[in-house]
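Colleague: any chance you could fold what I've pasted below:
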Amino acid sequence: QVQLVESGGGLVQPGGSLTLSCVASGNILRIYDMSWFRQAPGKQRESVASIGDGFTANYADSVKGRFTIRRDNYKRTVYLQMNSLRPEDTAVYYCNMESALLTDRNPRHYWGHGTQVTVSS
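Modeller: Predicted coordinates:
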């Protein structure tokens, strides 16, 4: 199995910055896509950003120009640099990775437990 652990969330004022990290561990053969999702209270979970194993990144329109996703394959880590944060960015942020295991080469998606980001003055 794969375990994902997010960190870096917290309380920040509007206009501030935070960097989220997500580290994968387990019986991993290869990690394909790495993504960040978020879920605000009363809303559906939505995609924020993703980065493929070829390092091509995609962003939700609402975060383009403010958020940057990057990955470190050696560390099995994905980061989300969030700048110019707004109150509407408040949500629980979840990491997702598509991974193949040493014991099962079919890629599957795995989720972290989430980290809270609150943007408020």
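Colleague: quick check: which element contains the residue nearest the centre of the chain?
Modeller: With distances taken as Cα atoms, centre = their mean, the chain has residue 36 as the residue nearest its mean C-alpha position (2.7 Å). Residue 36 belongs to strand 28-39 when assigned by DSSP states H and E.
Colleague: what does residue 95 give?
Modeller: Going by DSSP H and E, residue 95 is in strand 91-101.
Colleague: and that strand, average pLDDT?
Modeller: For strand 91-101, mean pLDDT is 97.
Colleague: in contact with the residue in the chain sticking out farthest from the centre, which residues?
Modeller: Most distant from the centre of the chain: residue 103, at 25.2 Å, with distances by Cα atoms, centre = their mean. Residues in contact with residue 103, defined by Cβ atoms under 8 Å, 6 or more residues apart in numbering, are residue 27. (Each C-beta comes from the backbone N, C-alpha and C, glycine too.)
Colleague: roughly how far apart are it and residue 80?
Modeller: 30 Å (Cβ to Cβ, to the nearest Å).
Colleague: quick check: mean pLDDT of the helix or strand following the strand holding residue 95?
Modeller: On the C-terminal side of strand 91-101, the closest following helix or strand by DSSP H and E is strand 108-111. Mean pLDDT, computed over strand 108-111, is 96.
Colleague: the helix or strand just after strand 108-111 pairs with which strands?
Modeller: Going down the chain from strand 108-111, the next helix or strand is strand 115-119, by DSSP H and E. Applying DSSP bridges to the sheet, strand 115-119 is found paired with strand 10-12 (parallel), strand 91-101 (antiparallel).
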